[in-house]
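> model this:
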Amino acid sequence: MANTKSAEKAARQSTVHRARNDALTSQLRSAIRKATLALKAGKHDEAEAALSHATPIIDSMVNKGIIHRNKAARHKSRLTKQVRALVKK
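Here you go, the predicted model:
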């Protein structure tokens, strides 16, 4: 239980922020999963579309402080590498 007014407000804010962060994280995971599933299915066009849809979502999560920029770069790099490899097959 909070002892001060500021601690009460911080507790209220943390629940709101947590809910927002959870929703944004879910959105991020869904975008990455959609691209990954298209890659596993071998559908190049869908994978490319999913990647182009996921890239700005990943970047926006960095700007919102949900994930670290290196993690975002790693996700984008690996997905792009896999999409390009799918073309060569």
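> Give the buried residues for the helix or strand containing Ala35.
Assigned by DSSP states H and E, Ala35 belongs to helix 5-41. Neighbour-count burial for helix 5-41 flags 24, 28, 31-32, 34-36, 38-39 (criterion: 16 or more other C-beta atoms under 10 Å). Every C-beta, even on glycine, is put in place using the N, C-alpha and C of the backbone.
> Nearest to Gln13 among the residues you listed?
Leu24 (16.1 Å; C-beta to C-beta).
> gap between that closest one and Arg84?
Distance from Leu24 to Arg84, counting by C-beta to C-beta, to the nearest Å: 28 Å.
> Also His53?
For His53 relative to Arg84 (C-beta to C-beta), the value is 17 Å.
> same check, this time on Thr55
14 Å.
> for Thr15, same thing?
42 Å.
> ok, now which ones touch the most centrally placed residue in the chain?
For the chain, Leu28 is the residue whose C-alpha lies nearest the centre (C-alpha atoms, centre = their mean; 2.4 Å). Contacts for Leu28 were tallied using C-beta atoms under 8 Å, 6 or more residues apart in numbering; they are 57-58, 61, 66-67.
> still on that earlier bit, ok now the helix holding Ala35, how far from the chain's centre?
Taking C-alpha atoms, centre = their mean, to the nearest Å, one finds helix 5-41 lying 9 Å from the centre of the chain it belongs to.
> what does stretch 3-21 give?
The chain centre lies 24 Å from the centre of stretch 3-21; the measure is C-alpha atoms, centre = their mean.
> List the contacts of that stretch.
With C-beta under 8 Å, 6+ apart, stretch 3-21 has contacts from 2, 66.
> got the CA coordinates for that stretch in PDB?
In PDB, the C-alpha atoms belonging to stretch 3-21 read as follows (Å, rounded to 0.1, in the frame of the first residue of the first chain):
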ATOM      1  CA  ASN A   3       2.200   5.800   1.900                       C
ATOM      2  CA  THR A   4       2.200   9.100   0.000                       C
ATOM      3  CA  LYS A   5       0.100  10.800  -2.600                       C
ATOM      4  CA  SER A   6       2.900  10.600  -5.100                       C
ATOM      5  CA  ALA A   7       3.400   6.900  -4.400                       C
ATOM      6  CA  GLU A   8      -0.400   6.400  -5.000                       C
ATOM      7  CA  LYS A   9      -0.200   8.200  -8.300                       C
ATOM      8  CA  ALA A  10       2.900   6.200  -9.300                       C
ATOM      9  CA  ALA A  11       1.100   3.000  -8.600                       C
ATOM     10  CA  ARG A  12      -1.900   4.100 -10.700                       C
ATOM     11  CA  GLN A  13       0.400   5.100 -13.500                       C
ATOM     12  CA  SER A  14       2.400   1.800 -13.400                       C
ATOM     13  CA  THR A  15      -0.700  -0.200 -14.000                       C
ATOM     14  CA  VAL A  16      -1.700   1.900 -17.000                       C
ATOM     15  CA  HIS A  17       1.900   1.800 -18.400                       C
ATOM     16  CA  ARG A  18       2.100  -2.000 -17.800                       C
ATOM     17  CA  ALA A  19      -1.100  -2.600 -19.700                       C
ATOM     18  CA  ARG A  20       0.100  -0.400 -22.600                       C
ATOM     19  CA  ASN A  21       3.500  -2.100 -22.700                       C
END
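> Thanks a lot, see you next time.
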